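A.B. asks: generate coordinates for the sequence data below:
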Amino acid sequence: MAIIATIQDILALAQRQQQAGRGDQAEALYRRILEFDRAQPDARFGLGAVLLALGRHRDTVDQLRAALAVVPHQPGPYLYLATALLNLDALEDALAAVQAAQAVAPDLGAVTGIRDTVLDAMHVHAERDFSAHRISRAIARMGQVAHHRPTHAQVQARLGCYLTQAGRVGEGVDRLRHAAALAPDDRGTLRDLILSLNLLENADPSDQLAQRRLFDRRFMAPLAPANPGHANPRQPDRRLRLGYVTGEFIRAHTACDMLIPLFAGHDSDTVELHVYTDVPQERADAVTQRVRAMIPGWHPTEGLSDAAVADQVRADGIDVLIDAIGFSDTCRLGVFAHRPAPLQVSMTLMGGSGMAAVPYVITDRWMSPDDRAGDYSETFIHVPSLYLYRPMLDLPAPAPPPALARGHVTFGCFNQLAKISPGTVAVWARVLTAVPGSRLLLKALALDDADICRGYLDQFAAHGIAPDRVVLRAWAGDFLQHIAAYDDIDIGLDPLPYGGGTTTREALWMGVPVVTLPGPTAVQRYGISILRVIGLEQGIAIDADDYVARAAAWARDLAGLANLRAALRARIEGSPLCDGRLFAGTLEAALRDLWRQFCAAAT
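C.D. replies: Down below sits the predicted model:
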């Protein structure tokens, strides 16, 4: 009994020292007790609390776990443990400790506060993980946050975006729909949903158009002035002021492969060119300077509101304003909602805008044939090829097909994983089965994530494809290293349903023919648009069976493949795909007709 009394006396003294802020003295006393009784829970708990206050979090965890092993039904140690684990960035363990405390004391107010702190930290860390391409961990963490915050729209939306980028598009779209319903006034969430619908297998064009029109009604139409009051001179044959809204694309970005030849193709006697660019000064590069030297009217708009940019457009007297970015991350549709120009036109690659303020869309007859007009709110302006291509850098000549040296054919795709749907995997597995010994090379940023790689290998294995036949490569190095990877591919495979645009043009330029299967929407028809204008109809399939057959046919004819590979670049250079003057001239003629109609209507 004397020993027990002594322990209680020391414990009381330690607690007084702790309350007085004398942590070192309290620690020594608690440790003295534990020399006599290693299982004494109050001493373990008190020591853990002292160590937590001293910032010694790992020691805190050890002491509190030892205390909880003896007395597992007290909420306090769990909450201190959660705090220590939070400071160690052991967020999943911290959340588990909070949940344990809640199970012991459901009505304890402190539980909610600490749980919210842990969830906030998980949200922040998930964003960091995603930015660093640790996508699986980002999904796991944001999934925990979403579970505990089912009505938090931003959390649900971020999880939806993460799932989509991991290739889990159906789940991602469901989350984004839920988020959009939770926050109907959140413009960014609806925009993300619109973008994700492009990636959905069996996408419904009517649903896509409905969501775009909803975006217009909810966020754009209210910005329209009662009377735009355009003061542009109504002279039908005068030189037109043509403005492009380009977001952050005027730099070393793949969009400039298209925009630069288009800008260069315009006739300065017919149009006066203006560009409105959001490129931050710190991100301006040699491409930015090159484009700036081409453009008479160069207007930096970084940091300006949509209304301010619209005021600038109106002050510049722009006759035709063209949107080149659509629903992208740097969306500027709000500029068009203010109706600053008499004629407003969309030129994005993902279909129409759904906006009443933008009644025309620039496209081509392959990407948007007349029988798909019902999928758009705009009237078509058809050009010979909506896609243009002229690499910003001098790229090396195509290499011979690697199969000639390796003895087996390598198919490949360098598109983002969000485009590689379960249906895509199923069709590609059929291609590999049809060509014994062949390999498939996939290259994407998200393949830096081991869990995602394992998931895709499992998908192929479910179709009977051994892991050693699928090569997964993360995007690494500079652009020229990326381009050099096309030398490792014999035949390119376009993903379904969202086809490749930049990747298809790059592959073809490097001599790699591509097999594509068109669908009903614009993003499903990139491949047919590109292959048609260069005369490579052999790559255009009519269904999945035909897709497999065309890929296998190329694989069986290596001599023909080598000849095609050597001739592709010249074929591209002689096609509308590289003819910026043809695109610009066709566009100028169409815009001139619209301008004359506008002038006639005003008289």
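
A.B. asks: make it CA atoms for all contacts and neighbour counts henceforth
C.D. replies: OK.

A.B. asks: show me the helices in the stretch 151-300 of the chain, by range?
C.D. replies: 153-165, 169-182, 187-197, 205-215, 256-265, 286-294 (DSSP state H, counting those that start in this stretch).

A.B. asks: any chance of JSON lines for these, columns mean pLDDT?
C.D. replies: Converted to JSON lines, the helices of the stretch 151-300 of the chain look like this (pLDDT from 0 to 100):
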{"stretch": "helix 153-165", "mean pLDDT": "96"}
{"stretch": "helix 169-182", "mean pLDDT": "97"}
{"stretch": "helix 187-197", "mean pLDDT": "96"}
{"stretch": "helix 205-215", "mean pLDDT": "95"}
{"stretch": "helix 256-265", "mean pLDDT": "93"}
{"stretch": "helix 286-294", "mean pLDDT": "93"}
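
A.B. asks: for residue 463, find the nearest of the ones you listed.
C.D. replies: Closest to residue 463 of these, according to Cα to Cα: helix 169-182, at 19.9 Å.

A.B. asks: residues in contact with the closest one?
C.D. replies: 151-154, 156-157, 159-164, 186, 189-190, 192-193, 196-197, 199-201, 418, 421 (Cα atoms under 8 Å, 6 or more residues apart in numbering).

A.B. asks: the nearest residue to residue 422 once chain neighbours are set aside: which element?
C.D. replies: Excluding its sequence neighbours, the residue lying closest to residue 422 (Cα to Cα, 6 or more residues apart in numbering) is residue 459, at 7.7 Å. Per DSSP states H and E, residue 459 falls inside helix 450-462.

A.B. asks: and the contacts of the strand or helix carrying residue 103?
C.D. replies: Element membership of residue 103 [criterion: DSSP H and E] is helix 91-104. With Cα under 8 Å, 6+ apart as the test, helix 91-104 has contacts from 73-76, 78-79, 81-86, 108, 111, 114-115, 118-119, 121-122, 141.

A.B. asks: list the contacts of residue 586.
C.D. replies: Applying Cα under 8 Å, 6+ apart, the residues near residue 586 are 383-384.

A.B. asks: do the same with residue 503
C.D. replies: Taking Cα under 8 Å, 6+ apart as the test, what residue 503 contacts is 413-415.

A.B. asks: what is the neighbour count of the closest residue to residue 161 other than its chain neighbours?
C.D. replies: Leaving aside its sequence neighbours, residue 161 sits nearest to residue 172 (Cα to Cα, 6+ apart; 6.0 Å). If you count neighbours by other Cα atoms under 10 Å, residue 172 ends up with 26.

A.B. asks: so how far is residue 421 from the residue nearest the centre of the chain?
C.D. replies: Computing the C-alpha centroid of the chain and ranking residues by Cα atoms, centre = their mean puts residue 165 first, at 6.2 Å. The gap separating residue 165 from residue 421 is 11 Å, by Cα to Cα, to the nearest Å.

A.B. asks: could I have stretch 299-311 exported to PDB, CA atoms only?
C.D. replies: The C-alpha trace of stretch 299-311 is given here as PDB (Å, rounded to 0.1, in the frame of the first residue of the first chain):
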ATOM      1  CA  HIS A 299      -3.600  42.600 -75.400                       C
ATOM      2  CA  PRO A 300      -2.400  41.100 -72.100                       C
ATOM      3  CA  THR A 301      -5.500  40.300 -70.000                       C
ATOM      4  CA  GLU A 302      -4.000  38.400 -67.000                       C
ATOM      5  CA  GLY A 303      -5.800  39.400 -63.900                       C
ATOM      6  CA  LEU A 304      -8.600  41.200 -65.600                       C
ATOM      7  CA  SER A 305     -12.200  40.200 -65.000                       C
ATOM      8  CA  ASP A 306     -14.300  39.000 -67.900                       C
ATOM      9  CA  ALA A 307     -16.200  42.300 -67.800                       C
ATOM     10  CA  ALA A 308     -12.900  44.200 -68.000                       C
ATOM     11  CA  VAL A 309     -11.700  42.200 -71.000                       C
ATOM     12  CA  ALA A 310     -15.100  42.700 -72.700                       C
ATOM     13  CA  ASP A 311     -14.700  46.400 -72.200                       C
END
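
A.B. asks: any idea how far that stretch is from the middle of the chain?
C.D. replies: 24 Å (Cα atoms, centre = their mean, to the nearest Å).

A.B. asks: and it, what's buried?
C.D. replies: Neighbour counts over stretch 299-311 (16 or more other Cα atoms under 10 Å) mark 299, 301, 306-307, 309-310 as buried.

A.B. asks: same question for stretch 526-538.
C.D. replies: 526-534, 536, 538.

A.B. asks: okay, now the nearest residue to residue 213 once chain neighbours are set aside: neighbour count?
C.D. replies: Of all residues not flanking residue 213 in the chain, residue 354 sits nearest, at 4.6 Å (Cα to Cα, 6+ apart). Neighbour count of residue 354, defined by other Cα under 10 Å: 23.

A.B. asks: which residues touch residue 447?
C.D. replies: Contacts of residue 447 (Cα under 8 Å, 6+ apart): 453, 472-475.

A.B. asks: domain map for the protein?
C.D. replies: Following automatic domain parsing, the chain resolves into domains at 240-382, 403-578.

A.B. asks: switch those domains over to JSON lines; also include distance to residue 36.
C.D. replies: JSON lines is the format used below for the domains of the chain (distance: least, Cα to Cα, whole Å):
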{"stretch": "domain 240-382", "distance to residue 36": "64"}
{"stretch": "domain 403-578", "distance to residue 36": "48"}
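
A.B. asks: mind checking which of the ones you listed is nearest residue 601?
C.D. replies: Of all the domains of the chain, domain 240-382 comes closest under Cα to Cα, at 11.8 Å.

A.B. asks: what about that closest one, how long is it end to end?
C.D. replies: So domain 240-382: terminal residues 20 Å apart, Cα to Cα.

A.B. asks: work out the gap between that domain and the centre of the chain.
C.D. replies: 21 Å.

A.B. asks: equivalent analysis for stretch 215-224, please.
C.D. replies: 24 Å.

A.B. asks: what's the answer for stretch 580-595, then?
C.D. replies: That offset, for stretch 580-595, works out to 32 Å (Cα atoms, centre = their mean).

A.B. asks: same check, this time on stretch 497-517
C.D. replies: For stretch 497-517, the distance to the chain centre is 19 Å (Cα atoms, centre = their mean).

A.B. asks: identify, from the buried residues of stretch 299-311, the entry nearest to residue 12.
C.D. replies: residue 306 (65.9 Å).

A.B. asks: how close does the residue nearest to residue 161 sit to residue 418?
C.D. replies: In terms of Cα to Cα, residue 172 sits 10 Å off from residue 418.

A.B. asks: shared neighbours of these two, anything?
C.D. replies: Joint contacts of residue 172 and residue 418 (Cα under 8 Å, 6+ apart) are residue 164.

A.B. asks: name the helices or strands packed onto the lowest-mean-pLDDT helix or strand in the chain?
C.D. replies: Lowest mean confidence among the helices and strands of the chain (mean pLDDT, DSSP states H and E): helix 2-19, at a mean of 72. On a contact count with 3 or more Cα pairs under 8 Å, 6 or more residues apart in numbering; DSSP states H and E, helix 2-19 meets helix 23-36, helix 41-53.

A.B. asks: deepest-packed of those, please.
C.D. replies: helix 41-53 (a mean of 24; mean count of other Cα atoms under 10 Å).

A.B. asks: and the contacts of that helix?
C.D. replies: Applying Cα under 8 Å, 6+ apart, the set of residues contacting helix 41-53 is 11, 15, 18, 23, 26-27, 30-31, 33-34, 57, 59-64, 66-68, 70-71, 77, 80, 84.
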